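*Asks:* Build me a model from this:
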Amino acid sequence: MIFRIPHFSPPNLPQELFERNQEWITKQLAKISANYPKYKPHTFTRDEEFLMLGKPIKLTFTDGNPEFHKNKLAKWYKSQAMVHFTKGIAQRSIVMGLTIKGLKLSNARMKWGSCSRDGNIRLTWRLIMAPPEIIDYVIVHELAHITHHNHSQDFWSLVESFIPDYKVHRKWLKYNGHLLSLE
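*Replies:* Predicted coordinates for the structure are as follows:
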């Protein structure tokens, strides 16, 4: 648990806040625990399930070198991501009437994408594990930044005009984003 308090606060304030709000904190942690799907770390040593476009795929590892398997799988995911994202951006940019300068993959764990002022889009390769509609939402979100370099009402209206239920997809990323991992 992290308490953010001003630097000029008394040193005992975090403890006081914790004690005063312990019941509320306990309830919030229980709520979070109930909403977030459990994450099971990958071992790369046996039959394991991984996500690809939101669906589980079962992989069997034959030898005992987990780091080798993890690196090979990451490389495969990256190649699949580039193909899928390139196609998705091409389709959506035509529909939205926008042009990008380039696409690059990032290694970010929780920042799904970014768009520079000159139209370069970066998407984390980990998105390839998400369902197609989530990937599409992130693509539309980043393309909308070509027109609006902020998260203003105009920006969200543009996103909503192409993905009316975008809030559902944002919520999915909030509660399931931690599952898009090889850790």
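
*Asks:* Please count neighbours and contacts with C-alpha atoms only from this point.
*Replies:* OK.

*Asks:* Ends of stretch 103-112, what's the gap?
*Replies:* 13 Å (Cα to Cα, to the nearest Å).

*Asks:* so how far is it off the chain centroid?
*Replies:* How far stretch 103-112 lies from its chain's middle: 8 Å, per Cα atoms, centre = their mean, to the nearest Å.

*Asks:* quick one: buried residues of that stretch?
*Replies:* For stretch 103-112, a neighbour-count test (16 or more other Cα atoms under 10 Å) marks 103, 105-106, 112 as buried.

*Asks:* Repeat that for stretch 77-96.
*Replies:* Here stretch 77-96 shows 77-78, 81-82, 85, 88-89, 92-93 as buried, counting by 16+ other Cα under 10 Å.

*Asks:* quick revisit: of the buried residues of stretch 103-112, just say which sits nearest to Asn150.
*Replies:* Trp112 (15.7 Å; Cα to Cα).

*Asks:* now that closest one: how far from Phe44?
*Replies:* Applying Cα to Cα to Trp112 and Phe44 gives a distance of 25 Å.

*Asks:* what's the farthest-apart pair in the buried residues of stretch 103-112?
*Replies:* Leu103 and Trp112 (13.3 Å).

*Asks:* picking that back up, so which of the buried residues of stretch 103-112 belong to strands?
*Replies:* Among the buried residues of stretch 103-112, the members found in strands (DSSP state E) are 103, 105-106.

*Asks:* Please enumerate the helices of this structure.
*Replies:* Ranges of helices within the chain are 13-20, 22-35, 66-96, 132-147, 153-162, 166-176, based on DSSP state H.

*Asks:* The ones you listed: which one's closest to Glu183?
*Replies:* helix 66-96 (8.6 Å).
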